[in-house]
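Q: here is a sequence together with a model predicted from it:
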Amino acid sequence: MKKDFVVVMASVAGALLVLASLVSFTAKPGVRATAREEEKPTIVLVHGAFADGSSWNKVIPALQKEGYHTIAVQNPLTSLSDDVAFVERAIAEAKGKVILVGHSWGGVVITQAGNNEKVQSLVYVAAYAPDEGQSIESLSKDAYEVRKIANVPGLADPVVSSDGYIRLKEETVVNHFAQDLPAQDAKVIAAGQGRFHFSTITAKVANPAWKNKPSFYVVADNDHMISPQLETEMAKNIHATTYHLPASHVVMLSQPAAVVKVILAAAGKK
């Protein structure tokens with residue numbers, strides 16, 4: 001039996017050598033293609049509150065078609081530090097440079113996580129872009145209470161659980177979060193929304209990455225969750241290349257092609 005085992009293993013080893021030589025012979029063009037793809041930055045997409053990675057489902061295929069490796073992070077929405085840790089894990093997976101794209105609350109996350117040396121540029125999509133020591137709470141108070149910018153209706157009636165997690169009512173998602181999507185699509189978003197912990201609202205950014213990285217900003221001019229005026233002001237404050245789109249808060253779902261163009265511009269595609 002021992003002799004039979006040795007014969008079988010020798011045959012397997014021989015087959016593996018043949019396979020390895022075939023792979024080595026046929027893979028050379030593919031290796032060159034992979035090298036070209038690795039020259040492109042990885043696109044890391046960071047969703048906002050009341051959402052998950054599926055927020056980017058209309059953007060991902062277009063980026064992949066252009067040859068960009070793409071990661072949609074599934075943030076827990078439990079704290080700024082937890083969400084930053086998830087994004088940092090995605091950055092670590094990338095083989096080369098990274099473009100960070102943040103929607104809504106995701107803007108706070110990429111502002112903190114973007115300090116990683118692998119991050120090439122930042123893209124804010126209808127997102128918060130806080131300065132040092134700022135939080136969603138301080139940004140909002142300054143805008144809506146101190147400077148009296150017209151408030152938006154999307155956060156007027158949230159549902160808060162006994163343990164501090166926030167969600168939106170279905171009618172809020174349909175009428176204010178994703179009002180330019182078909183109602184049934186908005187209801188699907190409402191059903192799959194993440195629960196956003198209250199503590200994240202007061203979480204402050206320590207070292208804004210936009211101070212040292214090129215930034216791009218998509219202002220959603222029909223946003224009911226963040227004032228378009230506040231978005232415009234934040235874009236100006238971070239010296240971002242700014243684009244205005246006539247869209248709801250979920251602009252990446254209602255106008256994905258336009259958002260993809262901005263991401264490609266951040267990636268250096270002419």
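A: Thanks, I have it. Residues are numbered from 1 along each chain as shown.
Q: CA atoms for contacts and neighbours, from now on please.
A: Noted.
Q: so how many other residues sit close to Asn115?
A: Around Asn115 sit 19 other residues, with neighbours defined as other CA atoms under 10 Å.
Q: again with His239
A: His239, neighbours per other CA under 10 Å, totals 15.
Q: in the sheet, who's paired with the spatially closest residue to it that is not a sequence neighbour?
A: Leaving aside its chain neighbours, His239 sits nearest to Ser215 (7.1 Å; criterion: CA to CA, 6 or more residues apart in numbering). Beta-bridge pairing for Ser215 (DSSP bridges): Leu122.
Q: any idea how far Ser54 is from Ser215?
A: 24 Å (CA to CA, to the nearest Å).
Q: coming back round to it: list the contacts of the residue nearest to His239.
A: 121-124, 238-241, 266 (CA atoms under 8 Å, 6 or more residues apart in numbering).
Q: can you map out the strands along the stretch 1-150 of the chain?
A: 42-46, 70-73, 98-103, 119-125 (DSSP state E, counting those that start in this stretch).
Q: how about residues contacting the first one?
A: If I follow you right, that is strand 42-46. 53, 56, 68-75, 87, 90-91, 94-103, 106-107, 109-110.
Q: returning to what we had before: determine which two of the contacts of Ser215 are furthest apart.
A: For the contacts of Ser215, the farthest-apart pair by CA to CA is Ile238 and Ala266; their separation is 14.8 Å.
Q: those two: who's more crowded?
A: Between Ile238 and Ala266, counted using other CA under 10 Å, the more crowded position is Ala266 (24 against 21).
Q: leaving out sequence neighbours, find the closest residue to that one.
A: Using CA to CA, 6+ apart, the closest residue to Ala266 is Ser121 (6.3 Å).
Q: Leu181 now?
A: That would be Ser254: by CA to CA, 6+ apart, it lies 6.2 Å from Leu181.
Q: my read is that that neighbour contacts Pro182, right?
A: No. The criterion here is CA atoms under 8 Å, and Ser254 misses it with Pro182 at 9.5 Å.
Q: so those two - more neighbours on which side?
A: Comparing Ser254 with Pro182 by neighbour count (other CA under 10 Å), the higher total belongs to Ser254, at 19 against 11.
Q: for the stretch 151-270 of the chain, give me the ranges with low pLDDT.
A: Scanning the stretch 151-270 of the chain with the threshold set as pLDDT under 70 gives 270.
Q: can you give me the helices in the stretch 1-150 of the chain?
A: 2-26, 28-38, 60-65, 80-93, 106-113, 136-140 (DSSP state H, counting those that start in this stretch).
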